[in-house]
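1. Using only what follows, build the 3D model:
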Amino acid sequence: MKLITPRSSALPMGGARPPQAGPSHRPPSADAGRMSQPPMRTKDTGGVLFLSGEHYYRQIDDLCMNICVAKKIHDEEWKDFLAESLSLTNRIGRQGKVTIAEFTHAHPSAWQRRLTSEFLARNNVPTMARLGVISDNPLVRGAVTAYGWTLPKATMRSFATRDFEGCLKWLKEVGSFDLEIAVAAWREGLAKLRR
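-> Numbering: from 1, shown residues only. From the prediction side, this is the model:
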């Protein structure tokens, strides 16, 4: 899938297209059942880069995906990210229910976490059911876990970077999304950020 660019500080990756619901690009499974099944409809924002190209964001059905390699997160860029990610969610017409997040270096500051909490409340964004944090660094995991106070009802769990698929499976227990599409999207995000 191509990456899209919302209006402000997000950067294009591989061309632009408006987000839309469409048939999954997943081939039909051999064990899909005896009767033919219509293709699953996936609501997908496509991948978007924020924070000067150092934060990959994508929403696939109930799953919100964040991979950030920024060494510093500037307040104005964080505000743009919040507004644009909500705009993307509104375009596909589906609220996220679960989040997978990897913040390699920097993470949202206390002020940015408070801003996020206020932004979500002001815009009536439902609380995430689960947040999976991906990191091999216990300090980063702890710092991102501090972000949890903005998601007070979310169940949070940490995973090593090599176990991102385990994280996605854990999130899928309560969120609806195509696991194969999510794994491919996560790998796409990593590839775009580790150029």
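
2. center of this protein - which residue?
-> residue 65 (1.5 Å; Cα atoms, centre = their mean).

3. quick one: strands adjacent to the helix or strand hosting that residue?
-> Following DSSP states H and E, one finds residue 65 within strand 63-68. Strand 63-68 pairs in its sheet with strand 55-60 (antiparallel), strand 98-103 (parallel), by DSSP bridges.

4. Show me what the first one is in contact with.
-> Contacts of strand 55-60 with the rest of the structure, by Cβ atoms under 8 Å, 6 or more residues apart in numbering, involve 42-50, 64-70, 81, 85, 88-89, 92, 94, 96, 177-178, 181-182, 185, 189-190, 192-193. Every residue, glycine included, has its C-beta placed from N, CA and C.

5. and if we set it to 7 Å?
-> Applying Cβ atoms under 7 Å, 6 or more residues apart in numbering, the external contacts of strand 55-60 come out as 42, 44-50, 65-68, 70, 81, 85, 88-89, 92, 96, 177-178, 181-182, 185, 189, 192-193.

6. And the strands in the chain, which stretches?
-> 20-23, 41-44, 48-50, 55-60, 63-68, 98-103, 130-134, 155-159 (DSSP state E).

7. most packed of the ones you listed?
-> Highest mean neighbour count among the strands of the chain (mean count of other Cβ atoms under 10 Å): strand 55-60, with a mean of 26.

8. now that strand, how far from the centre of its chain.
-> Chain-centre distance of strand 55-60: 4 Å, with Cα atoms, centre = their mean, to the nearest Å.

9. same deal with stretch 104-115?
-> The answer for stretch 104-115 is 16 Å, by Cα atoms, centre = their mean.

10. can you check stretch 158-172 too?
-> Centroid separation for stretch 158-172 versus its chain: 13 Å, with Cα atoms, centre = their mean.

11. do the same with stretch 70-81
-> With Cα atoms, centre = their mean as the basis, the mean position of stretch 70-81 lies at 16 Å from the chain mean.
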